[in-house]
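# with the input below, show me the fold.
(chains A, B and C)
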Amino acid sequence: MNYSLTILILLIPFATFLFNGLVGMKFKPIVSGLIGTIGLGVITLLAYLTAWQYFFVDGMVGGSFPKVIAMSMEWLRLTDALRIQIGILLDPISVMMLVVITTVSFMVHIYSLGYMKGEKGFERFFSFLSLFSFSMLGLVIATNIFQMYIFWELVGVSSFLLIGFYYSKDSAVAASKKAFIVTRFADLGFLIGILLLSYFTQTFDFKVLTGTDQSIFAQTAGVSFLGMSVMTWAALLIFMGGAGKSAMFPLHIWLPDAMEGPTPVSALIHAATMVVAGVFLVARMFPVFYFQAPDALTVISYVGGFTSLFAAAIACTQYDIKRVLAFSTLSQIGYMMLALGVSGYGGHEGVGYMASMFHLFNHAMFKALLFLGAGSIIHAVHSNVMQDMGGLRKYLPITHITFLIACLTIAGVPFLSAFFSKDEILVAAYEHNKLLFAVEFLVAGLTAFYMFRLYFNIFWGKETHYHHTPHESPKTMTIPLMILALGSVFAGYIPFSKLVTSDSMPFESHMDFGIAIPSVLIGLTGILIAWILYKKESKIPERISKSLGGFYQAVYHKFYIDEVYMFITKKIIFNCIARPVAWFDRHIVDGTMNGIGWITVTSSRNIKGMQSGNLPQYGMVFVLSAIILVLIFSFLI
Amino acid sequence: MLQGIPITHVLIVSSFMFFTGVCGFIIRRNMITILMSIELILNAVNINLVVFNKYLFPDQLQGHFFALFVVGIAAAEASVAIALIINIYRRLNSISVDKVNEMKY
Amino acid sequence: MNILNLLIIIPVLTVIGIVFTKDFKGARVAAAVGMTLQLITAVILVISFFAQRKAGITGEFLFLSDFTWFKTLNIHYSVGVDGIAVWMLLLASIVVFAGIFASWQVEYLAREFFISLILLATGVFGFFISLDLFTMFLFYELAVIPMYLLIGIWGSGPKEYSAMKLTLMLMGGSALLVVGLLGLYFYSSAAGPVTFNLLELSKISFPLAMQRFFFPFLFVGFGILGALFPLHTWSPDGHSSAPTAVSMLHAGVLMKLGGYGCMRVAMFLLPEAAQEMSWIFLILATISIVYGAFGAIWQKDLKYINAYSSVSHCGLVLFALLMMNRTSMNGAVIQMISHGLMTALFFALIGMIYGRTHTRNIDQMGGLMNVIPFLSVAYVIAGLASLGLPGLSGFVAEMTIFIGSFQHPDTFHRVATIIATTSIVVTAVYILRVVGKLLLGQIREKEYLEFPDAKWYERISVVVLILPIAIIGFYPSYLSSTLLDALNPIIERLTAML
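So this is what the prediction gives:
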């Protein structure tokens, strides 16, 4: 058991970040691109080796996969008990995440070599990508919750930098700002959650927190606030951080806007890796949630379920292809959250947990593929909007095939990867909560519908006349598409129930055909409806949307959530808090200070008349005062 | 020489002189007169110093010395004052204190 | 000779040197040479201090030396440093060094400018090395008075008004301090001759009634300098009118004198009263934190934004001090250092940007990232440090404070901590608002395209400030552990009664 090389997984991206960021502009752009890509290639290899060694060479100890601390060093000592360690924790989910992140990131790096070619700030782009990879990898291998928080913030800032990559565009700047502030607000919850948790347990360490010894929570017994136990509060606040990063309702508003960033970034950060950090966080803390705060898990399952339905509905109405994909991401993450929420602990009870991780893995593959495909399409037609596209299958054969594979995967067509994971999620939901199962079942149909609406609109539908004939993207862009397509087809055959489970012990899972068959059928129905409506150019979709009237408008405007937020921030926070505070400061607080000065000046102005310069008057005053004083003293004594 | 004259008589004289000086100082407008009033005040004080010394501590001389100091200082003061008055006269063509009221505020 | 005396002698010699220079070029070179020597001395001081500590010398203060200055009143020139003061001295010398380079282009009465600036610095250095409260106070006044001239003569905007306001409010603080210091002085007669010496005073336990009476004087007196709500309003006006180097030095170091004084004098010498009355000031500090942050959102002038942000961050210093446990006080000192560097960087950059655009109104600027990338990137780094990004110093300080404060067993304190944490979101809002308006977006004016990026002296100034921010951010444990050691005597005295 030797994982000493895993430290390189953190160091290499950081080194390439520094190199590209500090001296990258001194060289030709391609140098930075190659350095970033090769660096990432090396750590991808390392991640695979680590996974191989962890799962298959070292394997299980005493029937379960152990939590291995590959490296740990003290970064900062806060109190004697609370120390922030920076280290590497290897357990099934972190190893799985290593594989996911490095794979997708490597693909995106290669893809960006082509996609970003000739852009101003090429080396800046690659340095930010390296920074992101560094922080995301640091996040998943965190040994303690505080290390996670550190990298959590770094991930947030790299997302901010990458969304705002085209910083001359006002919409990109606004989107990056929005993303950072919304997630920062959520992180506030995360931080308070950490504070609560660490106060009561006196540890940050995941190994201790999620271990079998529950006595560390003894302090929390009977402590409650507003009718909820303190652990529920802590768990909910930590989940709030996760919900912010994973864009769960109602903190989802930043994700659609985040599509202002370059498309490879959307693929890497806002589809495959960073947005699942919230799911990862809940999974990482799962024993704490399950044993200490079951109420919080229920909340998580409902939030996940609601988000998946809500986002799927919106996705059906959007025209910007990246936004459709963004809402689809929201919906799929909702699935994962829900699966965690309904999961139990240990053995087959924990099928939800396993399904969630399984879906996370598959989702990373096919959603990255979808986004990269979308990038390839945008690269070809220079537009994001569906109406500008149509009949592209002739011009972009490779993109077309890979995109189709991804659409079939997400729709849950049998024997593609998402079919397996979605089935497990539905099983878990069915066993725990029939309402949520119904919601998810509906969402499965909606998903198939909106994905094929997208597909048919882009590649079939009306014949659009393009200014210049669209052409297939260069090799650097199509090769990652093909690799990811392979991933999304075959990822489903990884035996997750043997590898990644809630208690790290393998269990037997099997297809539940009673659920699989209906869910496949509803997926096919969705595809069929999309076929009918969008395969050929037709007026039916417009008529349907007209007949839905106000409801359609509400969905199209994303249920006006953005407007509500704008109202709260612009009107309430700015006008009702910041402005009065500024006014209060200038007029009341500062006014008091100026008032003191004014009183001094005015009173001296008023009494200066006594200083008339008239000598006899001075003499008079002097003599009279002397007499008065003499009289006073003679009476006193 | 002072034998037989009660102290009150002398003090009455000096008080009279003192208040004459004070009144002159306040009422008169001519600076020379004001200067003379000040001399009156100082001399009233001198009388007091000498008299109290004589009646209270006949075997000591501090009072007398002190009076001599006052005389000296009064002389110095008068010379400075008259120099000032001459300068004021050159500048303002007047030695009335009403005209000299610029040193205010 | 004692190295600490060098820290006073070098600035004084520099001042004398500047007197003999001919023009602004000579003056700035002389100032730069002097302050470089000063920086080197400070670094040597830090190294030799910790070498001595490592060698096992455990006295609370090292490099002690004492010289009777005014025997009748038992006033001494008595110097010595502990593990906190050495870091503050290093901070001060870094900021002064950067400040000299940031004001490289001052031509109007340059000699007088640099003389005042270095006199100001002398006051700061003297404050941190003094162990005698009287000389400490003397140096403090020495720092305040050149400030008036610097703002009044070389400032911008309503400079006379701001200079007057700043000086009068700080003098008001001094008046309170004098009362407090005299209280300490006269009550020290209980244990031998009256004394101003910090070390001797710290051995006395003062009667509670006396502590209750004098603690507010001392705490508020230093608190004004530390921008304690509602006595912070000198900060926005003063900072916005002051020339670049003065804003840097003032916000970066002088405001820290407040926090340092609160800890070293008010709380250390009068611990029982500190325990008893902390809740009042804790409320005020919490208000400062949130209120300063919200105040910053609405401002349009870059310097005002930064001044309110300083109110918020310095509020955090006082807040953490008042929590009175090891971790939070450690965080408070790290925050002093971190905020000192960060805000000095901010003011330096604002000065450099103002030198190009001739406006500080963020509504009139935009797209600077396209034309002056170096300064813009530095501004973003400063902003990220300010909003607490891991890897930069602000995060270390804030997290130490929050975790430390939350360990307080009392619910009131923990609720206050949660209120204080909300400032991290508000900070993000105003920082990103500025970055978005100022640096990103379209270029506003044609003439912006002609702007030169940072000159060599500007680069020196910026890099010298960014480096320690990043070093603390990456490797905080050395700083943190040395501070923890140095805080022990203070903590012991504060908790002795519990």
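# from here on, contacts and neighbour counts on C-alpha atoms
Fine.
# could you pull up the residues touching the closest residue to chain B within the stretch 251-400 of chain C?
The stretch 251-400 of chain C approaches chain B most closely through residue C:254 (36.6 Å), counting by Cα to the nearest Cα. Taking Cα atoms under 8 Å, 6 or more residues apart in numbering or on different chains as the criterion, residue C:254 is in contact with C:124, C:225.
# give me the low-pLDDT residue ranges for chain C?
C:1, C:497-498 (pLDDT under 70).
# for chain A, what is the nearest residue in it?
For chain C, Cα to the nearest Cα, closest residue to chain A: residue C:441, 4.0 Å.
# could you report the neighbour count for that residue?
25 (other Cα atoms under 10 Å in any protein chain shown).
# and residue B:90, by the same measure?
Neighbour tally, residue B:90, other Cα under 10 Å: 11.
# likewise residue A:75?
Using other Cα under 10 Å, the number of residues around residue A:75 comes to 17.
# quick one: contacts for it?
Taking Cα under 8 Å, 6+ apart as the criterion, residue A:75 is in contact with A:83, A:84, A:85, A:86, C:475, C:476, C:477.
# who are the contact partners of the second one?
Right, residue A:84. When contacts are counted by Cα under 8 Å, 6+ apart, residue A:84 touches A:74, A:75, A:76, A:77, A:78, A:144, A:146, A:147, A:204.
# now do it, the pLDDT please.
What the model reports as pLDDT for residue A:84 is 84.
# can I get the contacts of residue A:84 in TSV with pLDDT and secondary structure?
Shown next, in TSV, are the contacts of residue A:84 (pLDDT from 0 to 100; DSSP: H, G, I helix; E, B strand; the rest coil):
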residue	pLDDT	secondary structure
A:74	85	strand
A:75	85	strand
A:76	84	strand
A:77	82	strand
A:78	82	coil
A:144	87	strand
A:146	88	helix
A:147	89	helix
A:204	84	coil
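# pipe those into JSON lines and attach distance to residue C:277 per row.
Below are the contacts of residue A:84 laid out as JSON lines (distance: Cα to Cα, whole Å):
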{"residue": "A:74", "distance to residue C:277": "36"}
{"residue": "A:75", "distance to residue C:277": "35"}
{"residue": "A:76", "distance to residue C:277": "31"}
{"residue": "A:77", "distance to residue C:277": "29"}
{"residue": "A:78", "distance to residue C:277": "26"}
{"residue": "A:144", "distance to residue C:277": "37"}
{"residue": "A:146", "distance to residue C:277": "33"}
{"residue": "A:147", "distance to residue C:277": "36"}
{"residue": "A:204", "distance to residue C:277": "33"}
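# which of those residues are buried?
A:75, A:76, A:77, A:78, A:144, A:146, A:147, A:204 (16 or more other Cα atoms under 10 Å in any protein chain shown).
# now, which of those residues sits nearest chain C?
residue A:76 (4.8 Å).
# what parts of chain A come near chain B?
A:608, A:609, A:611, A:612, A:613, A:614, A:615, A:616, A:617, A:619, A:620, A:623 (Cα under 8 Å from any Cα of the partner chain).
# residue A:64 - how many residues pack around it?
Neighbour count for residue A:64, taken as other Cα under 10 Å: 16.
# where does the prediction get shaky in the stretch 51-200 of chain A?
Residues of the stretch 51-200 of chain A that meet the cut-off, pLDDT under 70, do not exist.
# would you map the helices across it?
Secondary structure of the stretch 51-200 of chain A (DSSP state H, counting those that start in this stretch): helices at A:92-115, A:122-140, A:145-163, A:170-201.
# so which of those is the most surrounded?
helix A:122-140 (a mean of 27; mean count of other Cα atoms under 10 Å in any protein chain shown).
# low-scoring stretches of the stretch 501-637 of chain A, by residue?
If you take pLDDT under 70 as the line, the stretch 501-637 of chain A has these spans: A:537.
# for it, just list every one of the strands.
Using DSSP state E, counting those that start in this stretch, no strands are assigned anywhere in the stretch 501-637 of chain A.
# which bits of it sit near chain C?
Counting by Cα under 8 Å from any Cα, the residues of the stretch 501-637 of chain A near chain C are A:574, A:577, A:578, A:579, A:581, A:582, A:585, A:589, A:590, A:593.
# leaving out the residues flanking it, which one is nearest to the closest residue to chain C within chain A?
When distances are taken as Cα to the nearest Cα, chain A reaches nearest to chain C at residue A:168, 4.0 Å away. Once flanking residues are discounted, residue A:168 sits nearest to residue C:441: 4.0 Å by Cα to Cα, 6 or more residues apart in numbering or on different chains.
# can I assume that neighbour sits in a helix?
No - counting by DSSP: H, G, I helix; E, B strand; the rest coil, residue C:441 falls outside a helix, being coil.
# pull up the gap between it and chain B, please.
If you measure residue C:441 against chain B using Cα to the nearest Cα, to the nearest Å, the figure is 57 Å.
# could you do residue C:187 as well?
In terms of Cα to the nearest Cα, residue C:187 sits 42 Å off from chain B.
# tell me the contacts of that residue?
Taking Cα under 8 Å, 6+ apart, we find residue C:187 in contact with C:194, C:206.
# element containing it, please.
Using DSSP states H and E, residue C:187 sits in helix C:159-187.
# now that helix: buried residues?
Per 16+ other Cα under 10 Å, helix C:159-187 contains these buried residues: C:159-160, C:162-171, C:173-174, C:176-178, C:180-185, C:187.
# phi first, then psi, for the residue of the stretch 201-350 of chain C found nearest chain B.
Nearest residue of the stretch 201-350 of chain C to chain B: residue C:234, at 29.2 Å (Cα to the nearest Cα). With angles defined as degrees, to the nearest 10, residue C:234 sits at phi -70, psi -30.
# for residue A:581, give me its contacts.
Residue A:581 touches C:291, C:294, C:295, counting by Cα under 8 Å, 6+ apart.
# out of the residues you listed, who's near chain A?
Checking the contacts of residue A:581 against chain A (Cα under 8 Å from any Cα), the matches are C:291, C:294, C:295.
# of the residues you listed, closest to residue A:332?
residue C:294 (37.0 Å; Cα to Cα).
# right, and that closest one touches residue A:577 too?
Yes - counting by Cα atoms under 8 Å, residue C:294 touches residue A:577, with 7.3 Å between them.
# compare these two (neighbour count), which wins?
Legend: neighbour count by other Cα under 10 Å for residue C:294 and residue A:577, higher for residue C:294 (28 against 18).
# shouldn't the more buried one be within a helix?
Yes - secondary structure assignment places residue C:294 in a helix (three-state DSSP).
# any figure for the gap between the residue nearest to it when sequence neighbours are not counted and residue C:429?
Spatial nearest neighbour of residue C:294, excluding adjacent residues (Cα to Cα, 6+ apart): residue A:578 at 5.0 Å. Using Cα to Cα, to the nearest Å, residue A:578 is found at 11 Å from residue C:429.
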